[in-house]
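1. Mind folding the following:
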Amino acid sequence: MSDPFRPTTTHTINPLDPRHPLLFIHDDDQTSHIKALTIFTEGPSGKICSEVIKFLDHLHSLEKFVIHWRALDWVMLGEPEIRALVRLFSLPSLHELQILASANFPLCLLQYYAGKQLSIAATTLATAVTPVFPSDTEARRLGALTELALLSASNIREFRTFIEWQAGKAHTSLRSVKCLRCSVSWGDEGAKPEESLKDIGSLLQRIGPICRDLEEFRLLDWQNSTFTPVHSSTRLMSAPQIDSFDGYQFTQADLASLTSLKRLYVQLGASPKADEKTMNSMDASLRHWLLPLLSNILSPQLLERIDITFSFVVPFPWPTDLHNWMRSFAAELDVGLTHKFPTLRTANLTFDLRNAHTMPYDWQAFNDGIQPTNLQARGVACAFRAAVYRPY
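-> As a prediction, this is how the structure comes out:
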């Protein structure tokens with residue numbers, strides 16, 4: 001039987017269960033083996049039982065903390081609950097915090113966070129509103145956060161509002177951020193594609209002056225996707241069909257503060273219309289969206305890496321110009337990146353094809369023929385390829 005107290009063990013506790021085995025630990029030394037803790041429940045109550053609060057007070061070596069509790073409303077928590085959770089945020093040992101599901105997570109709490117990585121999932125509703133905290137939570141303002149992931153348009157908007165309304169706390173929380181990831185989806189409630197992209201642009205304008213050393217920006221735009229963007233279980237879904245990236249484009253003003261950007265990752269999801277016989281509309285919309293983004297980067301001499309993934313469902317029968325379109329776009333991108341980014345070290349382009357497994361084709365030969373010769377001649381490590389997703 002494996003040792004249940006290995007450092008890599010992730011412990012999960014139900015905050016509504018006063019008889020959980022971990023709650024019978026009443027000594028700080030006995031909790032030193034707990035490095036990763038998940039608070040998880042699908043229960044309807046958002047109140048933490050007193051036994052759980054006492055247990056949390058004994059944790060001093062936590063490295064990863066995950067909260068997955070849909071019924072939890074942060075602004076409704078009492079003083080003991082807030083104090084217990086904020087103390088965990090500020091543990092020197094903590095390096096990763098994931099808020100996967102909850103309501104009204106106060107962004108001002110980030111000023112007490114001692115870790116490096118933070119992920120606020122789409123199933124969590126963040127808020128810029130400041131609740132009333134116990135006085136002793138003012139003890140730590142660390143600003144150690146280096147990796148920030150914001151999932152969903154609503155959380156991106158709230159983060160922008162947080163920066164506007166609470167500039168001092170935002171500066172304390174975000175001043176050390178080096179990696180920013182923004183992810184939006186067609187499934188975001190009430191979000192239109194152009195509005196979500198405008199929100200991201202507005203966030204970049206406000207976060208840039210705070211994060212002076214922001215080196216990495218990751219953008220996942222699933223506004224136009226008809227499949228779930230989960231690598232391990234991607235599957236076709238019925239969803240509203242949106243057929244282009246046309247709409248808001250990132251401007252120079254949006255990107256003006258990203259003067260230290262070294263790594264750019266862009267992942268786009270879309271689909272041609274089911275009855276479309278060519279790639280014309282997809283070609284126009286992708287160029288309309290992506291190429292201005294690249295041209296508006298104001299410090300091209302610093303960019304060292306760029307990764308672009310374009311995921312789309314291939315209609316059946318295949319568009320007649322599918323392969324020629326990918327060849328043409330890859331060649332144009334090769335020339336553009338070569339001229340625009342003089343210090344580029346790594347460049348990757350992936351056409352992530354869904355539904356293309358239904359017809360045989362020599363994709364290896366195709367990939368050999370779209371390699372970026374200009375970038376390769378300059379010594380850039382690069383791989384341009386079509387990757388066919390197979391659902392089995």
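
2. And the residue nearest to G46 when sequence neighbours are not counted, which helix or strand is it part of?
-> Closest residue to G46 apart from its sequence neighbours, by C-beta to C-beta, 6 or more residues apart in numbering: A71 at 4.3 Å. For glycine as for every other residue, the C-beta is placed from the backbone atoms N, C-alpha and C. Using DSSP states H and E, A71 falls within strand 64-73.

3. Restrict that strand to CA atoms and write it as CSV.
-> Written as CSV, here are the backbone C-alpha positions of strand 64-73 (Å, rounded to 0.1, in the frame of the first residue of the first chain):
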residue,chain,number,x,y,z
LYS,A,64,-0.7,24.3,-3.6
PHE,A,65,-4.2,25.4,-2.6
VAL,A,66,-7.3,24.7,-4.8
ILE,A,67,-10.8,25.9,-4.1
HIS,A,68,-13.7,24.2,-6.0
TRP,A,69,-16.8,25.2,-4.2
ARG,A,70,-19.6,26.7,-6.3
ALA,A,71,-21.8,27.7,-3.4
LEU,A,72,-19.0,29.6,-1.7
ASP,A,73,-19.7,33.4,-1.8
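
4. those strands in the stretch 201-350 of the chain, which residues are they?
-> 216-222, 263-270, 305-313, 346-354 (DSSP state E, counting those that start in this stretch).

5. list the helices and strands the last one packs on?
-> Under the contact criterion of 3 or more C-beta pairs under 8 Å, 6 or more residues apart in numbering; DSSP states H and E, strand 346-354 touches strand 305-313, helix 322-340, strand 381-388.

6. re earlier: and the residue nearest to G46, how far from R19?
-> Distance check for A71 against R19: by C-beta to C-beta, to the nearest Å, it reads 19 Å.

7. And for P317?
-> P317 is 60 Å from R19, by C-beta to C-beta.

8. quick one: stretch 95-103 to chain centroid distance?
-> 13 Å (C-alpha atoms, centre = their mean, to the nearest Å).

9. any idea of the mean pLDDT for it?
-> Computed over stretch 95-103, the mean pLDDT rounds to 92.

10. Buried residues of it, list them for me.
-> Under the neighbour-count criterion of 16 or more other C-beta atoms under 10 Å, stretch 95-103 has 95-103 buried.

11. Could you point out which residue ranges in this structure have low pLDDT?
-> 1-9, 130-143, 186-194, 222-248, 271-277, 285, 392 (pLDDT under 70).

12. At which residues are the helices of it located?
-> With helices called from DSSP state H, the chain shows them at 50-56, 79-89, 153-165, 167-174, 193-207, 252-255, 280-295, 322-340, 363-369, 373-377.

13. Cool, thanks, signing off.
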